[in-house]
Each structure stands twice: as C-alpha cells, then as structure tokens.
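Enquirer: Just to be clear, the model below is a prediction. Sequence and coordinates:
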Amino acid sequence: MTTASLVITVDTEPDNQWTFPSAGGAVADLTFANTRGLGRLIDFLDGEGTPGTWLTSYSVARDPESVRALRRAMQGGHEIGGHLHAWETPPFTDADRRAHPYIYEYDTAIRKAKLHAVTRALQDAFGTAPASYRAGRWGIDEMELRHLAEMGYTIDTSVVPGHDFSSSIGLARGGPDFRRRLTASPPDPYRVGSIWEAPVSAATIGALGATAAGAAMARGLAYRLDLPSRAANRLLRAAGLCGLVWVRPLVHPRGDLVRAALALVERGARLVNVMFHSSESFVGTSPRTRTAGDVERFYGDLGAIIKAVKATGRVTPRTLSQAVSS
C-alpha cells in the first residue's frame with residue numbers, strides 16, 4: 001500500500017528581498033544570513049527523517065556560501081528546485097527597480113529569459129536540472145506552466161487552495177485568486193498539461209470544517225457572498241463554523257496546525273505539503289522571527305506537524321519529486 005507523502009517545501013531566498021529594490025539598491029545589496037545559517041534547519045530535518053525540497057532563488061544560487069549549505073542538504077537526500085523572484089533575477093528591467101512584479105507583468109521574452117536565468121543558475125550551482133518550482137509571490141499562470149515544461153520542469157507548487165492574493169499588488173496587477181481551488185476533496189497533485197501541480201496544504205477545521213462536505217459548503221457560502229478570503233476566514237472562524245488553516249509554521253496556533261494536518265490525512269490526502277520561507281528559521285531575517293523565541297516557536301510548530309502526521313503510520317516523508325512519482 002502506498003502511503004501519503006509529507007513534503008517540506010522551503011522558499012529559499014535572501015534576507016532582504018522584500019526591501020530590495022525599493023531602497024534603490026542593486027543585487028549586490030542583498031544579504032544571506034539566513035541561507036548561510038541553514039545548518040540547523042538541515043540538521044533538524046535530517047533528525048526527523050524528513051528531507052526538504054529547497055525552492056531556491058537566483059541570487060541564493062549565485063551565493064557560494066549559501067550553495068555550500070544546500071549542496072550538503074542535497075547530498076543527504078534533499079531536493080533543490082527553482083523559485084523565481086523576478087525583481088532579483090536578470091535580465092533586469094525598469095519595473096524591477098520600482099516594484100516586486102508578478103512574472104505575468106513582463107512581456108513574454110523577458111519572463112522566459114528570467115526563468116532561464118534562474119534555471120541556469122541552479123544547474124551551475126548544483127550540477128543537475130531542477131524538476132520542481134514555486135513562483136515568487138505565488139504568481140503562476142498558464143503561460144508560466146508552459147514555459148516551465150519547455151525548460152524541463154515537471155512539478156509546480158504555487159497554488160494555495162482557498163487563498164486570495166488579488167489585493168497584493170505587484171507592478172500594477174494583483175496576485176492570483178485560489179479560492180475556488182478549495183474543494184470537498186483534499187488538495188492532491190493534479191496534471192496541467194505535462195506539469196504536475198502540487199498544491200500547498202490548507203485544510204478546514206471547525207463544526208462544518210470537520211468534514212470535507214461541510215467545509216465545502218461553508219467556503220462556498222463565503223465565495224458566493226464574494227468575501228475576501230481573510231475576511232471569510234475570520235467570519236467563519238468567529239462563528240465556530242469553519243476555519244481555513246494554512247499548514248505553515250508561525251501562521252496559526254500550533255494546535256490548529258496539527259489539527260489541520262491530521263484532517264488532511266483523515267480525509268485521504270495523498271500529500272501534506274508544508275511550506276515556509278528559509279528566513280523564518282533564522283533570527284532577525286523575517287518579520288515572523290524577530291527574536292530567538294520566535295525561532296524556537298518556528299521549530300516547535302514544524303516539529304509538532306511532522307511528529308503528528310508520522311504518528312498516524314499513514315504518511316511517509318518524501319521530497320516533492322518523490323511524492324509526485326510515488
């Protein structure tokens with residue numbers, strides 16, 4: 001019997017990529033304390049018997065010290081994939097100096113060139129072509145999926161079921177709206193042409209959220225009322241009906257994270273895909289981990305999720321590529 005997969009997907013990126021380029025800086029101004037300090041996180045995951053899938057940005061792949069840490073992870077069975085922040089990836093445009101654009105805000109030639117640049121940087125750094133990918137700011141569209149296939153990728157993990165990023169502006173456009181992707185069925189991998197889409201894990205809990213059908217009814221009501229996803233989540237949670245939980249350390253109370261992860265397993269999910277940013281594992285490099293106590297909470301959350309799903313006996317830790325092919 002094939003078990004479900006526990007996958008840890010890490011957006012592996014500079015400390016200050018959200019302040020760059022608004023201060024008028026250059027790529028050389030990016031800093032990498034968190035990626036150069038990945039030893040603790042790699043050792044933690046190894047200790048849990050849980051390989052990471054490190055979705056790595058262009059500038060990290062061009063930073064020798066960061067690459068050394070990630071090579072050690074890869075040699076231990078972890079996976080290296082791609083993560084495209086358009087504004088920190090050549091060829092650079094005027095838009096990159098003014099905003100944090102979504103990839104679909106560039107013309108076709110530029111967006112393909114940027115994807116080629118990050119892919120080539122990963123090949124140079126790690127000696128192998130990346131198979132997995134996550135779009136910066138979750139900005140995936142049909143054209144990007146076609147470009148990924150052309151460049152040899154086989155897996156995307158840029159969908160967050162139930163979440164709406166349309167109010168987060170890039171250059172002029174908002175992010176994607178994934179509210180309709182939360183259905184009565186668990187968010188399992190599915191095909192889009194030749195690419196597997198492996199959604200990030202989000203699950204519903206609460207009086208209605210305890211069952212897939214009830215969760216679908218509650219979320220469907222919110223969608224028909226045209227409520228933004230955050231407002232809908234607050235309303236349904238306050239009413240005790242249904243709370244949407246993104247299975248991501250530091251985002252929800254630990255008990256809710258564990259309940260949501262276990263709910264996915266109970267509902268027959270093939271994949272529990274836990275994401276976070278590399279900067280969230282290091283003190284002072286993320287708004288979520290300003291103090292040492294915040295970092296300890298991060299590790300506590302991550303460890304609790306891993307232990308809970310492994311204890312079911314129905315989940316096996318895998319890399320993203322292993323999970324999709326299993």
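Expert: Yes, it's here.
Enquirer: Quick one: find the helix or strand in the protein with the lowest mean pLDDT.
Expert: Scoring the helices and strands of the chain by mean pLDDT, DSSP states H and E places helix 212-224 at the bottom, with a mean of 52.
Enquirer: does residue 133 count as helix, strand or coil?
Expert: Following DSSP: H, G, I helix; E, B strand; the rest coil, the label given to residue 133 is strand.
Enquirer: What separation is there between it and residue 56?
Expert: When distance is defined by Cβ to Cβ, to the nearest Å, residue 133 is 10 Å away from residue 56. Heads up, the C-betas are built off the backbone N, CA and C, glycines and all.
Enquirer: anything in contact with each of the two?
Expert: Residues touching both residue 133 and residue 56 (Cβ atoms under 8 Å, 6 or more residues apart in numbering): 81, 82, 83.
Enquirer: and which of these is nearest to residue 111?
Expert: Using Cβ to Cβ, residue 82 comes nearest to residue 111 of these, at 13.6 Å.
Enquirer: per-residue pLDDT, that closest one?
Expert: Per-residue confidence (pLDDT) for residue 82: 98.
Enquirer: And residue 153, how far from residue 301?
Expert: To residue 301, residue 153 is 29 Å away according to Cβ to Cβ.
Enquirer: how about the nearest residue to residue 67 once chain neighbours are set aside, what does it touch?
Expert: Closest residue to residue 67 apart from its sequence neighbours, by Cβ to Cβ, 6 or more residues apart in numbering: residue 125 at 4.7 Å. Going by Cβ under 8 Å, 6+ apart, residue 125 touches 61, 62, 67, 70, 71.
Enquirer: Strand partners (parallel or antiparallel) of the top strand by length along the chain?
Expert: In the chain, taking DSSP state E as the definition, the longest strand is strand 4-12. If you go by DSSP bridges, strand 4-12 pairs up with strand 52-56 (parallel), strand 271-277 (parallel), strand 315-317 (parallel).
Enquirer: pLDDT wise, what is residue 86 at?
Expert: On the pLDDT scale, residue 86 is placed at 94.
Enquirer: my read: it touches residue 101, true?
Expert: Yes. Counting by Cβ atoms under 8 Å, residue 86 does reach residue 101; the two are 5.5 Å apart.
Enquirer: quick one, helices of the stretch 201-326 of the chain?
Expert: For the stretch 201-326 of the chain, the helices defined by DSSP state H, counting those that start in this stretch cover 212-224, 229-238, 254-266, 292-311, 320-325.
Enquirer: Packing partners of the longest one?
Expert: Okay, so that is helix 292-311. In terms of contacts (3 or more Cβ pairs under 8 Å, 6 or more residues apart in numbering; DSSP states H and E), helix 292-311 is packed against strand 4-12, helix 39-47, helix 254-266, strand 271-277, strand 315-317.
Enquirer: Distance check, the one residue sitting closest to the centre of the chain against residue 55.
Expert: The chain has residue 275 as the residue nearest its centroid, 4.4 Å off, counting by Cα atoms, centre = their mean. Applying Cβ to Cβ, the value for residue 275 to residue 55 is 9 Å.
Enquirer: before we move on, what about residue 150?
Expert: Per Cβ to Cβ, residue 150 is found 19 Å from residue 55.
Enquirer: In this structure, where is pLDDT below threshold?
Expert: Counting by pLDDT under 70, the ranges of the chain that qualify are 1, 20-28, 183-185, 207-242.
Enquirer: let's go with 90 and repeat that
Expert: Residue ranges of the chain with pLDDT under 90: 1-2, 17-29, 97-98, 162, 179-187, 203-244, 326.
Enquirer: which one of residue 150 and residue 55 has more residues nearby?
Expert: residue 55 (29 against 12; other Cβ atoms under 10 Å).
Enquirer: surely the more buried one meets residue 84?
Expert: No. Residue 55 lies out of contact with residue 84 (Cβ under 8 Å); the separation is 9.3 Å.
Enquirer: list residues touching both of those two?
Expert: Counting by Cβ under 8 Å, 6+ apart, the residues touching both residue 55 and residue 84 are residue 133.
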